[in-house]
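# Need coordinates for the below:
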Amino acid sequence: MASSLDKLTIRGFKSIRELKDFELKNLNILVGANGSGKSNLISFFRMLQSLIDGTLTDYVRNSGGISDLLYNGRKATQEMAFETYFGRLGYRFKLVPGPGEGFALTDEACFCCDGASQWWDLGDSVDNTSRLVEEAKGHYGDSENSKPVYDVVSSWKIYHFNDTTATASMRHAEIIQDNRALRNDAANIAPFLLFLRELNRPHYDEILHACRLVAPFLDDFLLEPQQLGPKTKVALSWKAKGSDYPMQPYHLSDGTIRFICLATALLQPNPPSTIIIDEPELGLHPEAIRILGELIEDAAKRTQLIIATQSPLLLDQFAIKDIVVVKRKEGQSTFERLKHEDFTEWLQDYSVGQLWTKNVIQGGMTKS
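Residues are numbered from 1 along each chain as shown. Below is the predicted model:
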């Protein structure tokens, strides 16, 4: 997986004072007590995504300003820095606070290991727009080095399926043309599944099979395009076993529709090079959590996953080497990957989830 994350350095972001050259594997399961910093790592990837999308200024503003994003505020932290390597490539940048809640995007560079390994300086941004993005899109400069890096970084995907309310986009019809990649919030899950059913039936059937394991009443999805004004849209309608009545997306429980989204993300034929999900177990039945764990483990054979969880049941599905414990020490987040040899005797009698609840894996809640 040449385009997945190999090493990661983050300095000065929220509770992460310094995470230096942290090695990431194909499967990375983050666990830690509330407030340890798991979600802050995922928040950093959201900020990175906003930089690539051209919405960095909006992200900083909506997060409370640059001071709220810096470790212990601007008095304690003068800059935020990011550096990562993936295969023969790499990318870095810094955010430096300015007057008021302003900031500057500086020291943006890409790394190319092609003969002579070196960092290619992209220069400082004048309007907090990424030079990497501008060069990759051919707006200026030479895209020979920036385009491969941009293609990788822009492919990393954070999925967030927690909004399953009646107004959630996944419960409403979407235009059928929005079908080439599953959106972060699964707003286009219906046209995406329709696309798979028509052009990649084996993967569609695999997704449907996984959903039936959690929702045995489900017979099939009814993905029927309808003309709604000038646009053709499709919704996540479905049919129950033994019935011809067309059920609508709002008939699906929160847990069921969330699992459908998770199964689609994890079983899609061409997954992003890195998939990031925060607490995917929310609202799921224990058996659904077990099946989710199997899907995650299988997906890790095809792509890289970074999963944050609090669920002992989900932890039970993974090996100890897949677990990264996040702790809050002296006001900062630390990240440590566990080693099997440190738990050999414990694992003879207890599962990984049990070791977490018993606080043998340090970072769990202490029993009173």
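# who does the lowest-mean-pLDDT helix or strand in the chain pair up with?
Of the helices and strands making up the chain, the lowest-confidence element is strand 116-123, at a mean of 81, by mean pLDDT, DSSP states H and E. Taking DSSP bridges as the criterion, strand 116-123 forms sheet pairs with strand 103-114 (antiparallel).
# Pull out the buried residues from the partner strand.
The neighbour-count check on strand 103-114 (16 or more other C-beta atoms under 10 Å) flags F103, A104, L105, D107, E108, A109, C110, F111, C112 as buried. All C-beta atoms are positioned from the backbone trio N, CA, C, and that covers glycine.
# and those residues as TSV, adding pLDDT and distance to F192?
Output for the buried residues of strand 103-114, formatted as TSV (pLDDT from 0 to 100; distance: C-beta to C-beta, whole Å):
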residue	pLDDT	distance to F192
F103	94	36
A104	94	38
L105	95	33
D107	94	38
E108	95	33
A109	94	35
C110	92	31
F111	91	33
C112	84	33
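# which other residues reach the least confident helix or strand of the chain?
With contacts defined as C-beta atoms under 8 Å, 6 or more residues apart in numbering, strand 116-123 is touched by 90, 92, 107-112, 131-132, 135, 141, 145-146.
# quick check: domain ranges of this structure?
Using automatic domain parsing, the domain parsing of the chain gives 7-156+272-357, 169-258.
# what about the first one, start to end distance?
For domain 7-156+272-357, the first-to-last residue distance is 29 Å (C-alpha to C-alpha, to the nearest Å).
# tell me the pLDDT at the residue nearest the centre of the chain?
What sits nearest the mean C-alpha location of the chain, by C-alpha atoms, centre = their mean, is I276, with 1.8 Å. Note on I276: pLDDT of 98.
# next SSE after the strand or helix carrying it?
Under the criterion of DSSP states H and E, I276 resides in strand 274-278. Once the chain leaves strand 274-278, the next helix or strand it forms, by DSSP H and E, is helix 286-299.
# quick check: mean pLDDT across that next one?
Mean pLDDT, helix 286-299: 98.
# before we move on, what about stretch 192-207?
98.
# Repeat that for stretch 304-322.
Across stretch 304-322, pLDDT averages out at 97.
# And that stretch, what's buried?
304-318, 320, 322.
# and it, how far out from the chain's middle?
Centroid separation between stretch 304-322 and its chain, computed with C-alpha atoms, centre = their mean, to the nearest Å, is 14 Å.
# What ranges does this structure have for its helices?
Using DSSP state H, the helices of the chain run over 38-53, 56-62, 66-69, 131-136, 143-153, 189-199, 201-214, 254-267, 286-299, 312-315, 352-357.
# and of those helices, who's closest to S169?
With C-beta to C-beta as the measure, helix 189-199 is the member of those nearest S169 (8.9 Å).
# Show residues contacting the closest one.
Contacts for helix 189-199 (C-beta under 8 Å, 6+ apart): 170, 173-182, 203-204, 207, 221, 223, 225, 233-236, 260-261, 264, 268-269.
# if I read this right, N184 contacts D163, doesn't it?
No. N184 lies out of contact with D163 (C-beta atoms under 8 Å); the separation is 10.9 Å.
# Just the pLDDT at R17, thanks.
So R17 comes in at 97 (pLDDT).
# Next up, the contacts around it.
By C-beta under 8 Å, 6+ apart, the residues touching R17 are R11, Y71, N72, T77, G331, Q332, S333.
# Determine which two of these are furthest apart.
Greatest spatial distance among the contacts of R17 (C-beta to C-beta): R11 and G331, at 14.8 Å.
# Which one of those two is surrounded by more residues?
R11 (17 against 10; other C-beta atoms under 10 Å).
# for that one, what are its contacts?
By C-beta under 8 Å, 6+ apart, the neighbours of R11 are R17, E18, L19, K20, Y71, E79, M80, A81, F82.
# let's go with 10 Å and repeat that
Listed by C-beta atoms under 10 Å, 6 or more residues apart in numbering, the contact partners of R11 are R17, E18, L19, K20, Y71, T77, E79, M80, A81, F82, E83, K94.
# Counting neighbours, what do you get for the last one?
If you count neighbours by other C-beta under 10 Å, K94 ends up with 20.
# mind checking how far it is from T57?
For K94, the distance to T57 (C-beta to C-beta, to the nearest Å) stands at 16 Å.
# Equivalent analysis for the third one, please.
When C-beta to C-beta is applied, the distance between L19 and T57 equals 25 Å.
# Same question for the fourth one.
Distance, K20 to T57, by C-beta to C-beta: 28 Å.
# neighbour count winner among the two?
Each of K20 and T57 has its neighbours counted (other C-beta under 10 Å); T57 has more, 16 against 10.
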